[in-house]
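Novice: This is the structure alone, sequence omitted:
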């Protein structure tokens, strides 16, 4: 439970200087106001409104026509997610969602959460090229994408200047769907309401990364999830590119996932 003490820390943090903005590398797809992105409210455990999407997203046999972008590092289908301490997948309640970095984000204390649906030809060409490189045996030409980005977001109860940047990209060609998770700077794993340290953002129950389809059979926990090792997710991959994880999710399989966790630590 988030305590009054944590709330006082939140108020204290409001008067501290804003985080210094650091340029992220080009691994992340373009985002922000210049790209026409929408922006989530500044709210602890907040979320976007329900977002209708113009192309059905098939997630392990289930069709979704809307989604939520949740401040706590989750893109969800059917229901918003305010839960701040992550659970391992599969989830008992069957919530389907994509979790680039499920942890206790508080963008009131720093950072922004952006999202947009796009058919921008340049972005779709780049997305197609990347996915074809990683999955040459699967015919795919992206015709639609949804990009959600957490830009230098702070953690709940923070008394530091630490911020995390990460991104989820959903891609579709009308039949085949992919999820791409991209990681920039990752500096914290845990908020104070999850028993983390206010100054370091470490300890307690660290963030969870991967996805949960909602059927108890098709899910993936990126190695290191809910352990201290998740701090180094930007040095891991299942496609040979540090800081990037990609999954085909329209069919009942997970393509490209290492058979041993050691394979993903580059």
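Specialist: Received it, and whenever you're ready, just let me know what you need. Remember, it's a predicted structure, so these values are computed and weren't measured experimentally. Numbers count the residues shown, from 1 in each chain.
Novice: switch to C-alpha atoms for all contacts and neighbour counts from now on
Specialist: Noted.
Novice: any idea of the mean pLDDT in whichever strand or helix holds residue 167?
Specialist: For residue 167, the element it lies in under DSSP states H and E is strand 164-172. The average pLDDT within strand 164-172 is 98.
Novice: for stretch 245-262, same thing?
Specialist: pLDDT averaged over stretch 245-262 gives 64.
Novice: Equivalent analysis for stretch 48-67, please.
Specialist: Per-residue pLDDT over stretch 48-67 has a mean of 97.
Novice: Check stretch 89-100 too.
Specialist: Across stretch 89-100, the average pLDDT comes to 95.
Novice: Quick one: residues in contact with it.
Specialist: The contact list for stretch 89-100, computed with C-alpha atoms under 8 Å, 6 or more residues apart in numbering, reads 73-79, 166-168, 181-182, 208-221.
Novice: Could you list which of the residues you listed belong to strands?
Specialist: Under the assignment DSSP state E, the contacts of stretch 89-100 contribute 74-76, 166-168, 181-182, 208-212, 219-221 to strands.
Novice: which SS class is residue 199?
Specialist: Reduced to three states with DSSP: H, G, I helix; E, B strand; the rest coil, the structure at residue 199 is coil.
Novice: What residues of stretch 104-121 count as buried?
Specialist: Across stretch 104-121, burial judged by 16 or more other C-alpha atoms under 10 Å covers 104-118.
Novice: and of those residues, the nearest to residue 36?
Specialist: residue 116 (7.2 Å; C-alpha to C-alpha).
Novice: Hmm, that closest one is touching residue 167, no?
Specialist: No - with contacts counted by C-alpha atoms under 8 Å, residue 116 stays clear of residue 167, the gap being 11.8 Å.
Novice: Overlap of the contact sets of the two?
Specialist: 147-148.
Novice: need the longest helix for this structure.
Specialist: Counting residues, the longest helix found in the chain (DSSP state H) is helix 121-134.
Novice: what does the helix or strand following that helix contact?
Specialist: Next in sequence after helix 121-134, counting helices and strands by DSSP H and E, comes strand 144-153. If you take C-alpha under 8 Å, 6+ apart as the criterion, strand 144-153 is touched by 21, 29, 31, 55, 69, 71, 73, 75, 105-107, 109-119, 124, 162-173, 185.
Novice: Touching, residue 105 and residue 73? I think so.
Specialist: Yes - in this structure, residue 105 is within contact of residue 73 by C-alpha under 8 Å, at 7.1 Å.
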